[in-house]
Every structure is written in structure tokens, then in C-alpha cells.
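Peer 1: Sequence first, predicted model second:
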Amino acid sequence: MALRTKHTAAPLNIFTIMSALARKERAHNLSQGLPDYPVAPELSELLKEAVINGYNQYAPMPGLVELREQIAGYFNRIYHSDYCNINNITITPGATYGIFTAFAAILEQGDEVIYLEPAFDCYLPAIEINGGIPVCVQLEASHNFEIDWQKIKDAISPKTKAILINTPHNPTGNIWSKKDWDTLADLISDKNIYVISDEVYNTILFDGQQHIPGYLQERLHGKVISIYSFGKMQHITGWKIGFCIADETITNAFRSIHQYLTFSVNTPAQYALARYLELPKPDNEASVFLQQKRDLLISGLAGSKLKLNCTTKGSYFQLFDYSALSSLPDVDFAQWLATTHKVATIPLSAFYKTPPGISQIRFSFAKEDAVIKAATDILARL
Ligand code: GLN
């Protein structure tokens, strides 16, 4: 009996490969985007409290009411709106799940989905496994990976069912401006095209930049599902908990799949996060914390043979060009760095179906300062 391959993405993803290599080589690990610093002590206390207080059984299918209320209050406050309520927020076991389930909810066999490369590696399989046909629009390294609207316009066909966007963007750190959202609305507001909006780095923005959520775009009303991640917001990627926000029609379609995929999400984590969101904290806490790490990485590599083309505006990733250092393809270069110099990174080609041969590697700076410092000291000497 043959096993059917339902997607054309890599059999084993680069994050698994590079994290395993980093462990094997005991490398300074700036590869996979996961923090190596501890969780907030209040949050770990609240998780313990949840278990002790009996929050150990299934939560309601869409998520604990207390958590959805806290998210609604928080997002309405930071984005100056009253859009969010418990009926348009659904708690998910992470954002990757949210993206997959959104496609499961909206796609029919043969629907086309436009996505932009470089693209986070779960997008392509999420489209293909759910019967969609991915239509790729390339962002050019020579134009700092800015959006080419003409290319997006040309990619739209009568079969287009959705466009997948990501802001702040992994791996480039670019962000969508209001003008970008308006241009998208010009292109699709009169069409039956959904927007799956991966906004997991919405709380990590640098140099005073602002995040503009997809779900709030009035001209795209009824089309957008915005996906968020507590893993990124609270530095707890291993808790695998996030949420999505969409109008009630999309939310109901999403929940109709969600209830049969997982039914509900880890209750103690939901309780802890609901209580944690009640505590007063500066809204820009993650941005300030990570901007200092971004700057430590960039200053550590200033004057090195690794070239910074474009400073990241959001997310916890920074691309560097290594062409002054090596002519190896990026996967080989990243392997060489990890094995020979004990610094683990991610090759940019992992974000492409057909890599265009760009000599860039991605660093994650969601790492202890000592790790960033040790890695940049090594790299600056190459
Ligand atoms: N988003 C993380 C990154 O880009 C990895 C998440 C994953 O491994 N699925 O590094």
C-alpha cells in the first residue's frame, strides 16, 4: 500500500535539522526562532496555580471565556478599536495550527492561494494538504523583499480563493504599512478572496514601528482571519498556544473544523495566560527587550564579512548576506558554520520552494545576550 504524499515541501523541515545539528555540535544556537531565556516568573506561578486549582479538564471548544475576554480587552486597547469580543476569537494550539485550520475551513479542491516568498515553511504544506494550489509571488532580495503589487495583481485569477500574508515577516522582518493594506483592499475588496494573515510577531516591533492588524481593515471586512501566537508574545513557544481573530462567519467555519481536529486547547495554559494578561505591564515590553538583542547582534557583526542589507523592523529575525565570506550554497554554508565554527543559523533557501540561490542566512536573536555575544565574537573573526 503506497503512502500518498500530500504536499511538495521538504520531507524534514530545516528547523528540525538545524536544531538537531546545533545540539550535536554544541553550537551557539541562533537558528530556530525559540527563546532560550526563562519565562516570566508570574506566568510559571500561574500555570502551577491552574493545575492546583483544578483547571485540568477540557476547556470550552472556542477557548476559556476568561482568556478570550482578556485578549479582546488587550487587543481593543492596543489597536484602539472595539472589534474583538469572545465570539470572534478562537484559542488554538499554536499559530501553525491556526493557519492550517483556516485553510481547511475555506479551501475547496483546486482553489488557488497566493503566497509570497520567502515564506515560512508551513504555508505550502498547509495549502496543499487542504486541496489548494499554491501560487507563488517572489519578493526580490535586490529590492529588500518589498512587495511587488503588479506581481500580486497578475497572480490573481478567477480561481484565487485566498492570499496568505505575514507581517511582521519571517525571515525578512518587513512589516505591512496602512498603504499596503489599502493596496490589497484595492485589489480584492470586490472579489471573493480571503486573507489569511499571519501576525504572530505583532508585539515585536522596532524603532517605533506600529503593527496594523488585518482583521481591522474595514474594506476587507468579512475576508480576513488574523493569526496570533502566545509563544511569540510571551516567549513560551513550547506551550503551543495561540488564537485567531475573524468575523463571526469565518470564525464559525473555523470552529466547525477546529472542534474535530483538537476540540479544545490546554486548559491550565489558558487559565495562566488569562490571569497573566490581567497584570499591568508595558505594551512595548517585548519590543524593547528584543530591540536591544537585535542591536547587540548587529553591532557584534558590524565590520565583519557578514553584510546587513536591511535592518529588521519586526519579528526576532535578521538576515545577513555572507557572499563576501563564502561562495558555498546557503545550506552548505550554514552546515559549515555550525560544524566548523559552532554557530547555528538558518539558510534563507528554506523559505523557498525553488530557492533562487541567494547568499543569505537568518539569525534568530531571541537568545540570551551571552549566546549572541559568543556567536558574534566568532563570526566577526571569520
Ligand atoms: N517560527 C520559527 C522559526 O521561524 C520556527 C517554528 C517551527 O519550527 N515550526 O524559526
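Peer 2: Perfect, I can see it now. In this text, all values refer to a predicted model and were calculated from it rather than measured experimentally. Numbers count the residues shown, from 1 in each chain.

Peer 1: For my notes, confirm Cys244 occurs in a strand.
Peer 2: Yes. Using DSSP: H, G, I helix; E, B strand; the rest coil, the assignment for Cys244 is a strand.

Peer 1: Just give the number of residues close to the closest residue to it other than its chain neighbours.
Peer 2: Spatial nearest neighbour of Cys244, chain neighbours left out: Gly98 (4.6 Å); criterion: C-beta to C-beta, 6 or more residues apart in numbering. Quick note: C-beta positions are derived from backbone N, CA and C, even for glycine. Neighbours of Gly98 under the rule other C-beta atoms under 10 Å: 28.

Peer 1: Show me how far whichever helix or strand Gly98 is part of is from its chain's centre.
Peer 2: Secondary structure assignment for Gly98, by DSSP states H and E: helix 95-106. Here the centre of helix 95-106 is set off from its chain's centre by 13 Å, with C-alpha atoms, centre = their mean, to the nearest Å.

Peer 1: ok, now stretch 345-361?
Peer 2: Between the centre of stretch 345-361 and the centre of its chain there are 17 Å (C-alpha atoms, centre = their mean).

Peer 1: and it, what's its mean pLDDT?
Peer 2: The predicted model assigns stretch 345-361 a mean pLDDT of 96.

Peer 1: Ala102 contacts Cys244, correct?
Peer 2: Yes. Judged on C-beta atoms under 8 Å, Ala102 makes contact with Cys244 at a distance of 6.8 Å.

Peer 1: show me where the protein has helices.
Peer 2: Using DSSP state H, the helices found in the chain span residues 14-25, 41-52, 65-78, 95-106, 123-129, 149-155, 178-188, 230-233, 248-261, 267-278, 285-301, 330-340, 369-380.

Peer 1: and the ligand, which of those helices is closest to it?
Peer 2: Shortest distance between the ligand and those, using C-beta to the nearest ligand atom, is found for helix 14-25: 3.3 Å.

Peer 1: so who does Phe145 touch?
Peer 2: Phe145 makes contact with 118, 139, 169, 172, 174, 310, according to C-beta atoms under 8 Å, 6 or more residues apart in numbering.

Peer 1: I meant Leu34, not that one.
Peer 2: Shown in contact with Leu34 (C-beta under 8 Å, 6+ apart): 237-238, 364, 366.

Peer 1: and with 10 Å instead?
Peer 2: By C-beta atoms under 10 Å, 6 or more residues apart in numbering, the contact list for Leu34 reads 15, 19, 231-232, 235-238, 316, 364, 366-367.

Peer 1: Make sure Ser364 is actually in contact with Lys232.
Peer 2: No. The criterion here is C-beta atoms under 10 Å, and Ser364 misses it with Lys232 at 11.4 Å.

Peer 1: Between those two, which contacts overlap?
Peer 2: Common neighbours of Ser364 and Lys232, using C-beta under 10 Å, 6+ apart, are 33-35, 170, 315-316.

Peer 1: By neighbours, which of the residues you listed wins?
Peer 2: Among these, the one with the most neighbours (other C-beta under 10 Å) is Ser315, at 30 neighbours.

Peer 1: Could you give the number of residues near Gln109?
Peer 2: Neighbours of Gln109 under the rule other C-beta under 10 Å: 8.

Peer 1: Isn't it up against Ile129?
Peer 2: No. With contacts counted by C-beta under 10 Å, Gln109 stays clear of Ile129, the gap being 11.7 Å.

Peer 1: thinking again about what came up before, the inter-axis angle of the helix holding Gly98 versus helix 248-261?
Peer 2: Taking axes from the mean of the first three to the mean of the last three C-alpha atoms, to 10 degrees, one finds helix 95-106 and helix 248-261 inclined to each other by 110 degrees.

Peer 1: packing partners for helix 95-106?
Peer 2: In terms of contacts (3 or more C-beta pairs under 10 Å, 6 or more residues apart in numbering; DSSP states H and E), helix 95-106 is packed against strand 89-92, helix 123-129, strand 160-166, strand 194-198, strand 224-229, helix 230-233, strand 242-246, helix 248-261.

Peer 1: from the middle of its chain, how far away would the fourth one be?
Peer 2: In terms of C-alpha atoms, centre = their mean, the centre of strand 194-198 is found 12 Å from the chain centre.

Peer 1: same thing with the third one?
Peer 2: Averaged C-alpha coordinates place strand 160-166 at 15 Å from its chain's average position (C-alpha atoms, centre = their mean).

Peer 1: what angle sits between it and strand 194-198?
Peer 2: Interaxial angle, strand 160-166 versus strand 194-198 (the same axes, to 10 degrees): 20 degrees.

Peer 1: Before I go, just wanted to say thanks for your time.
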